[in-house]
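A.B. asks: Requesting a structural model of the entry that follows:
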Amino acid sequence: MKTVLIIAGSDPGAGAGLQQDLKVATLLGVYGLTVVTALTVQNSLGVQAVHPVAPEVVDAQLLAVFSDFPVTAVKVGMLANAEVARTVARRLQEYRPPFLVVDPVLAASSGGALLEPEGVAVLNEEIFPLTYLLTPNAPEAARLTGMEVNTTSDLEEAARRLQKMGPQWVLAKGGHLPGEPVDVLTDGSNAYHLGGPRLTAPHGHGTGCALAAAIAAHLARSLALPEAVQEARNLIAQALRWGLPLGHGRGPVNPYAPFAREKGRYRVLESLNAAAARLQREEIRGLIPETLSNLAYAAAYAEGPQDVAAFPGKLAPGPQGLLIPAPPAFGASRELAAVILAVLENHPRLRAAMNIRYFEGLEEIAPLLSLTMLAMERAEESPKADNGALQGLTAKVAAALKPGEPPPDLLHDPGDWGREPRLYLLGTDPETVAAKAVALKNALSAAGKLR
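C.D. replies: Below is the predicted model of the structure:
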């Protein structure tokens, strides 16, 4: 198994530092080794104190690892002070690992300094010449070069200057700059601008640590540098999008999100099959609209319709009961995918939905079943194409859901421009949605509204 040695500080909240790096290394299939340079006292609200590890203890850790384990790549994060930085530089010079990724941690995101000027000088003079990839953010690039970095052009110039200081490659990160974020990757000869959307992500603690660790892991797995960078950026974009609201401040990024999504895909299909079997047993043909029904379930951390499974061919009433033409598959219902993905923006636990007929008087029946019903607004104009209809549906769902309000059980779509009214049952999983459908069927039958 390939290995990555992580030389970094300890974060008791595990959102950054060597704890976050170890998670990323493990997720990417490499074995993480660690050398602790500092013990920080921090949580989601910020860094309260830093206690550097004695240089002789750091040196003993480095010697213990390098003398015994094969080290494919090294990721250097927080160095705490000049003495620790000099100790690390000396051992790196001695053992010359194939890939050295340096994340120059100079200050906490809350503003506190994490490496004094003498330590920065050691970083520049003794570690940069050994570095394969340097990964500064814009403020770090500005401090290391002494220039102002306010634009992407400034960032590129800073990256080129840093590359001339010793690193083979520099990835200068533009997330702190205004506008859409652009990272600059350069080997001194060429400069590549790597763009991406700016995410509304309040929980991003540990982003830089996780990115550098992911690149080191991919390099250890023999990916070329540009590919390693892009794969790591893709992972961190998802980790940032699905950041964890842990603590009372800025929560950690969540690098497990894409792995959880893939791991759960089989369970999604199993749940849909189980729920559909119950619907067949319970005889719900009377709930099926003229356009037929479907039942859909999104994988955890769904990114798009490709992560939402449903039944191809829909669910249809037949002479012997509910007909299921084909097993569930991902991407099988764009309509329900649009509904679920819009609902997830406000209610991330509501990952399942089913469309059924709308019945007059449901507003009175739903409360008797402890079901919350929410009405959507009718569209003001006819959609120009099928994609327009889906976009309109997404917009109507999003407009109906208000942040901070309790999650609904039922969404009433009044229909528009030749589209019949319908009802969307929502739930945390298909079994819950099926149970609501059965309860509605029984209540409607008792009220004489269902034959």
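A.B. asks: isn't Leu279 right up against Leu295?
C.D. replies: Yes: with contact defined as Cβ atoms under 8 Å, Leu279 counts as touching Leu295 (7.4 Å). Yep, even glycine has a C-beta here, placed from its N, CA and C like the rest.
A.B. asks: if I look at those two, which residues touch both of them?
C.D. replies: Taking Cβ atoms under 8 Å, 6 or more residues apart in numbering as the contact criterion, the common neighbours of Leu279 and Leu295 are 315, 434.
A.B. asks: Of these two, which one has the most company?
C.D. replies: Under the neighbour definition other Cβ atoms under 10 Å, Leu279 and Leu295 were set side by side, and Leu295 has more, 28 against 25.
A.B. asks: what sits against the more buried one?
C.D. replies: 272, 275-276, 279, 310-311, 315, 336, 352-354, 430, 433-434.
A.B. asks: Which residue ranges make up each domain of the chain?
C.D. replies: 3-261, 266-446 (automatic domain parsing).
A.B. asks: and these as CSV, adding mean pLDDT?
C.D. replies: Written out in CSV, the entries for the domains of the chain read as follows (pLDDT from 0 to 100):
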stretch, mean pLDDT
domain 3-261, 95
domain 266-446, 90
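A.B. asks: which of these sits most buried?
C.D. replies: Comparing the domains of the chain by mean neighbour count (mean count of other Cβ atoms under 10 Å), domain 3-261 comes out on top with a mean of 20.
A.B. asks: Between the two ends of that one, what distance do you get?
C.D. replies: With Cα to Cα, to the nearest Å as the measure, the ends of domain 3-261 fall 26 Å from one another.
A.B. asks: Can you give the distance from it to the centre of its chain?
C.D. replies: Averaged C-alpha coordinates place domain 3-261 at 19 Å from its chain's average position (Cα atoms, centre = their mean, to the nearest Å).
A.B. asks: do the same with stretch 314-322
C.D. replies: Using Cα atoms, centre = their mean, the distance between the centre of stretch 314-322 and that of its chain works out at 39 Å.
A.B. asks: Repeat that for stretch 262-277.
C.D. replies: Chain-centre distance of stretch 262-277: 22 Å, with Cα atoms, centre = their mean.
A.B. asks: show me where this protein has helices.
C.D. replies: Using DSSP state H, the helices of the chain run over 17-27, 55-66, 82-95, 117-122, 138-145, 152-163, 207-220, 225-241, 257-263, 265-282, 334-344, 362-368, 386-400, 430-446.
A.B. asks: tell me which strands and helices the longest one is in contact with?
C.D. replies: Applying 3 or more Cβ pairs under 8 Å, 6 or more residues apart in numbering; DSSP states H and E, one finds that helix 265-282 makes contact with strand 295-298, strand 308-310, strand 321-323, strand 329-330, helix 430-446.
A.B. asks: Try it again at 7 Å.
C.D. replies: Using 3 or more Cβ pairs under 7 Å, 6 or more residues apart in numbering; DSSP states H and E as the contact test, the elements touching helix 265-282 are strand 295-298, strand 308-310, strand 321-323, helix 430-446.
A.B. asks: and those as TSV, adding distance to Tyr424?
C.D. replies: Formatted as TSV, the entries for the helices and strands packed on helix 265-282 read as follows, by distance: least, Cβ to Cβ, whole Å:
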stretch	distance to Tyr424
strand 295-298	10
strand 308-310	13
strand 321-323	18
helix 430-446	9
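A.B. asks: show me the contacts for Leu225.
C.D. replies: Counting by Cβ atoms under 7 Å, 6 or more residues apart in numbering, Leu225 touches 133, 169, 219.
A.B. asks: so how far is Gly208 from the first one?
C.D. replies: Translated: Leu133. In this view, Leu133 and Gly208 are 13 Å apart by Cβ to Cβ, to the nearest Å.
A.B. asks: quick revisit: from the contacts of Leu295, which is closest to Pro117?
C.D. replies: Among the contacts of Leu295, Ala352 lies closest to Pro117 (Cβ to Cβ), at 55.9 Å.
A.B. asks: If the closest one is in a bridge, with which residues?
C.D. replies: With DSSP bridges applied, the residues forming beta bridges to Ala352 are Tyr297, Gly427.
A.B. asks: mind checking how far Leu269 is from Ala326?
C.D. replies: Computed as Cβ to Cβ, the Leu269 to Ala326 distance reads 12 Å.
A.B. asks: can you check Asp183 too?
C.D. replies: Going from Asp183 to Ala326 by Cβ to Cβ gives 43 Å.
A.B. asks: next one: Met1
C.D. replies: Summarising the geometry, the distance separating Met1 from Ala326, computed by Cβ to Cβ, is 41 Å.
A.B. asks: So in this structure, which strand runs the longest?
C.D. replies: Using DSSP state E, we find that the single longest strand of the chain is strand 31-43.
A.B. asks: Can you list the neighbours in contact with that strand?
C.D. replies: Counting by Cβ under 7 Å, 6+ apart, strand 31-43 makes contact with 1, 3-13, 17-18, 21-22, 25-26, 47-53, 58, 61-62, 65, 69, 71, 78-80, 84, 247, all of which sit outside it.
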